Structure formats: C-alpha cells, structure tokens
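[1] Predicted model follows, preceded by the sequence.
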Amino acid sequence: MKTARAIIWGLAIVAAGVIFGGNALGIFNIDIFFKGWWTLFIIIPSAISLITEKEKISNLVFLSAGVIFLLASQEVFSFDVAWKAILAVALIAFGLSLIVKSVFKGKTAKEVDEKIKKMKNEENDTQVAIFSGSDRVYNNEKFSSSELVAIFGGANLDIRKAVIKKDVCIKAFCLFGGIDIVVPKDVEIKSKSGFFFGGISDDRKDTAKSPKHTIYLDAAGGFGGITIKDETDK
C-alpha cells in the first residue's frame, strides 16, 4: 500500500508540474486557482488514503467534507449549510461504523475478545499519558499484558527485549494522541480496532514466518492512532 500511495502522489505532483509548465509556456491555460481550489488539499489526500489505506470511514468523511466545502465555495449553498452537512455526514458515518462492526464482527476480532477475556487475570502493566508522555521499555523482564491510555499525549511501549513465554495481550486507547508499540520480530499480531478518525498502522519491516507467540491487540479511540514497529525511529 505504501508503494501504491507513493505512485499516486507522484502522479499528482507530475500532473501539477505539467499544468504549471504548460501555463508558463503558453501551451495551454488551465486556471488552477478557481473558487475553492484550497479544498483540493482535503480532497486529494483523502481520496488517496481511501484507496490505499484500510481505514475507510474517516477518509470517506474527510473526502465528503472536502467536496462539501468545494460546493460551498462555488456558492451552491452557504458555508453555514456546509458545516451542518459535514456534521451530519460524520454522525451518520460514525453510527454506521458502530453498527457494522458490532453486527459483522470478524473472526479475528472475536478471537481477540476471547483471548483477552481469558487473560484478564494476568499480571498487567498500565501506562497512562494525559497531556504528557509515557515511555516503558522492557529489558529482560517478563511481559504478560499491558493497558495503554493516551489522551492528548503519547505513549511508547517497547517489548523487543521482553521475556515473552506465551501469548500476551495489549489493550490500547488513544484520543487526540498516539501510541507506539515496538515488538520483537518473532511474534505475530492479531488486532481488533474500534477507531473513529484514526486506526492501527503496522509499520514492521519484518514479520515472522513461524512466530513463537501471538500478541492480541485490542485498540480503540478517536483522532489518534497506534503504530506497531519492530525497531525504533532513528
């Protein structure tokens, strides 16, 4: 998906260069500064993300917002109506996403729920970052489960060097924040996601072909995201 996103962005930038060059040389005259041209900075990224990313609801809402603002700029209706329309679209999308996720819960989501229920009595490590940051690094320590909360803040959990003797679970919630989870390369991850304007991003460079253990991740939140990595940023 990263390759597809890069290709689409590359084509968009090339198209912009051709338009600017053609206008400058007098080959053609395409007015890119039409009424509401700024909405393209909402529409184009949202459309690309809608095609290349797994998260559809939030990208669809942003795309709809861009189109609504464009129509308002073209004086099809007022900006007052536009804001109300965007709120309506967001509420409808959020409601439908809750219904779909609860009715059509996937096999992996059900498995994550079952495993976390069985592991609820395990030794649990809790990290809370509210308007702040929290960093927890396991170094030859036993890891069983963890609960992460980030609200207007960021949390980092590094278990690359943790002692993992069996399957483990992680519950994570972020609201207007972000959570990084750095994992060993010999595990697999099964996740359940309940996000509105956000989601889980798996940025691991390597995944185990024969994983020793499974990490069950129950993630939720809004206007934020959880990133899974196998190495820290340099």
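    Done, it's in.
[2] So which residue is dead centre in the chain?
    The residue lying closest to the centre of the chain (CA atoms, centre = their mean) is G199, at 3.0 Å.
[3] helix or strand for V61, which one?
    Taking DSSP states H and E as the definition, V61 sits inside helix 57-73.
[4] Could I get the average pLDDT for that helix?
    Mean per-residue pLDDT for helix 57-73: 87.
[5] which element follows that helix toward the C-terminus?
    Later in the chain than helix 57-73, the nearest helix or strand by DSSP H and E is helix 79-103.
[6] what's in contact with that following helix?
    I57, L60, V61, S64, A65, I68, F69, L71, A72, A109, G194, F196 (CB atoms under 8 Å, 6 or more residues apart in numbering). Every residue, glycine included, has its C-beta placed from N, CA and C.
[7] Pipe these into JSON lines and attach distance to G178 and neighbour count per row.
    Formatted as JSON lines, the contacts of helix 79-103 follow (distance: CB to CB, whole Å; neighbours: other CB atoms under 10 Å):
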{"residue": "I57", "distance to G178": "19", "neighbour count": "20"}
{"residue": "L60", "distance to G178": "22", "neighbour count": "17"}
{"residue": "V61", "distance to G178": "20", "neighbour count": "21"}
{"residue": "S64", "distance to G178": "25", "neighbour count": "20"}
{"residue": "A65", "distance to G178": "22", "neighbour count": "21"}
{"residue": "I68", "distance to G178": "28", "neighbour count": "23"}
{"residue": "F69", "distance to G178": "27", "neighbour count": "20"}
{"residue": "L71", "distance to G178": "33", "neighbour count": "16"}
{"residue": "A72", "distance to G178": "32", "neighbour count": "21"}
{"residue": "A109", "distance to G178": "22", "neighbour count": "17"}
{"residue": "G194", "distance to G178": "16", "neighbour count": "17"}
{"residue": "F196", "distance to G178": "15", "neighbour count": "20"}
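[8] Most widely separated two among those residues?
    Spanning the widest gap among those are A72 and A109, at 38.1 Å by CB to CB.
[9] how's this structure carved up into domains?
    2-103, 107-229 (automatic domain parsing).
[10] Return the member of those domains having the minimum mean pLDDT.
    Among the domains of the chain, domain 2-103 has the lowest mean pLDDT, at a mean of 80.
[11] how near is F143 to K209?
    Distance of F143 to K209, computed by CB to CB, to the nearest Å: 22 Å.
[12] More neighbours: these two, which one.
    Taking other CB atoms under 10 Å, F143 and K209 do not tie; F143 has more neighbours (21 against 7).
[13] List the residues that contact that one.
    The neighbourhood of F143, defined by CB under 8 Å, 6+ apart, consists of D125, I159, A162, V163, I164, V168.
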